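A.B. asks: Got a sequence here, can you model it:
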Amino acid sequence: MIDFSKSIEELNSYKGSEKKKTLIYNNKKYLVKFPDPIREKNKNVSYINNTFSEYVGSSIFKAIGFKTQTVLLGKYNYKDKEKIVCACEDFTNENYTLYEFENLALSANPDKKIQTELSDIMEVIEEIKSMKQINIMLNDNIREKFWDMFIIDSLIGNTDRHNGNWGILVDTKNHGAQFAPIYDCGSCLNPMLEDSKLENISETEIKNLAINCYSCIKENAKKINYMSYINSMKNEECNGAIKRVFNKINIDIINNLIDEIKCMTVSRKEFYKKIIYYRYEIIKSVYIKLNKG
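C.D. replies: Down below sits the predicted model:
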């Protein structure tokens, strides 16, 4: 396992609630996330498993074929305690600038502050596409990329894909723009569940967690239940994304990448594999129905 303890440390400039450091490892800049202390009352665990969630979620996106931020698992000795950390490579530099969706929304319509209402997001995407500064450079269909991301977020149960953790990457040197590499997946795969809970969790509980998982994206002011929304087949853009990405999901590859994580408990590995499989089967059933139609 990579030991980041002796890496060069820079002043941290990254946002977000998690405990983090900015480190230089092998001449590359990384945002290094630490296990996050519990902030919820009445929780007995000392930290959440956001580092594992970040690594596995990002690895699944990458395995399916998405451009994804490079993410590494490692350790860091902090105050004489060894912590499992997740290092996320910074894909921006002097030639590549990330414009998060919340900033693009303000540029597109400064009079309207949007939250995560789906209709607002779609409206802003269209406004972005009409912006001269972006339109002349845009190489991707942003709506399609958004929905592709939505499907895989549903597979891994990402509850926090808000407007500040996805966007557009602009190549300032060659004047191109594309959907940014996937980043910030730390809120997937139920990071609040501690290993002691997972050791005794039942199949019924796992199924319920798989089905009752909500995106932070809202429709009519209510958070979208991923599996119910996909099952309804009411959104043609969502249906189109299922058709595009389903055959790229390989459960065996996903299971293997989870099994290869040496510092993770067996109970967590089994939980991850089962909850992903239950969601996979729901998406698969919808894919079959769509292709019959």
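A.B. asks: any low-confidence regions in the stretch 51-200 of the chain?
C.D. replies: Low-confidence segments of the stretch 51-200 of the chain, defined by pLDDT under 70, are located at 132-136.
A.B. asks: Could you pull out the helices in it for me?
C.D. replies: Assigned by DSSP state H, counting those that start in this stretch, the helices in the stretch 51-200 of the chain fall at 101-108, 118-130, 132-135, 142-156, 195-198.
A.B. asks: who wins for proximity to Leu72 among those helices?
C.D. replies: Closest of these to Leu72 is helix 142-156, at 18.3 Å (criterion: C-beta to C-beta). Bear in mind the C-beta positions are built from the backbone N, C-alpha and C, glycine included.
A.B. asks: Just the buried positions in the closest one, please.
C.D. replies: Neighbour counts using 16 or more other C-beta atoms under 10 Å place 142-143, 145-156 of helix 142-156 among the buried residues.
A.B. asks: and for that helix, what are the contacting residues?
C.D. replies: Contacts made with helix 142-156 from outside it, assessed by C-beta atoms under 8 Å, 6 or more residues apart in numbering, are listed as 56-57, 60-61, 64, 66, 121-122, 125, 128-129, 161, 166, 168, 179, 182, 185, 188-189, 213, 215, 217, 226-227, 229-230, 237-238, 240-242, 244-246, 249, 276, 279-280, 283.
A.B. asks: Alpha carbons of that helix, as PDB, please.
C.D. replies: As requested, C-alpha coordinates have been extracted for helix 142-156 and formatted as PDB (Å, rounded to 0.1, in the frame of the first residue of the first chain):
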ATOM      1  CA  ILE A 142     -23.500  17.400 -21.900                       C
ATOM      2  CA  ARG A 143     -27.100  16.100 -21.400                       C
ATOM      3  CA  GLU A 144     -26.100  12.600 -22.400                       C
ATOM      4  CA  LYS A 145     -23.100  12.600 -20.200                       C
ATOM      5  CA  PHE A 146     -25.100  13.800 -17.300                       C
ATOM      6  CA  TRP A 147     -27.600  11.000 -17.700                       C
ATOM      7  CA  ASP A 148     -24.900   8.400 -18.200                       C
ATOM      8  CA  MET A 149     -23.400   9.600 -14.900                       C
ATOM      9  CA  PHE A 150     -26.800   9.400 -13.300                       C
ATOM     10  CA  ILE A 151     -27.100   5.700 -14.100                       C
ATOM     11  CA  ILE A 152     -23.800   4.700 -12.600                       C
ATOM     12  CA  ASP A 153     -24.400   6.900  -9.600                       C
ATOM     13  CA  SER A 154     -27.600   4.900  -9.200                       C
ATOM     14  CA  LEU A 155     -25.600   1.700  -9.400                       C
ATOM     15  CA  ILE A 156     -23.200   2.800  -6.600                       C
END
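A.B. asks: what's the closest non-adjacent residue to Asn95?
C.D. replies: Distance criterion C-beta to C-beta, 6 or more residues apart in numbering; nearest residue to Asn95, sequence neighbours excluded, is Lys173 at 4.4 Å.
A.B. asks: what about the one you found, how many neighbours?
C.D. replies: Using other C-beta atoms under 10 Å, Lys173 is surrounded by 9 other residues.
A.B. asks: gap between it and Thr70?
C.D. replies: Applying C-beta to C-beta, to the nearest Å, the value for Lys173 to Thr70 is 21 Å.
A.B. asks: cool, and Lys6?
C.D. replies: Using C-beta to C-beta, one gets 20 Å for the distance from Lys6 to Thr70.
A.B. asks: So between the two, which is more surrounded?
C.D. replies: Between Lys6 and Thr70, counted using other C-beta under 10 Å, the more crowded position is Thr70 (15 against 10).
A.B. asks: can you give me phi and psi for that one?
C.D. replies: Backbone torsions of Thr70, given as degrees, to the nearest 10, read phi -70, psi 130.
A.B. asks: With adjacent residues omitted, what lies nearest to the residue nearest the centre of the chain?
C.D. replies: Among the residues of the chain, the smallest C-alpha distance to the mean C-alpha position (C-alpha atoms, centre = their mean) belongs to Cys185, namely 3.0 Å. Distances taken as C-beta to C-beta, 6+ apart put Gly57 closest to Cys185, at 3.1 Å, once the chain neighbours are dropped.
A.B. asks: ok, the one you found - contacts?
C.D. replies: Contact criterion C-beta under 8 Å, 6+ apart gives 156, 158, 185-186, 188-189 as the residues in contact with Gly57.
A.B. asks: And Cys263, by the same measure?
C.D. replies: Contacts of Cys263 by C-beta under 8 Å, 6+ apart are 1, 73, 75, 84.
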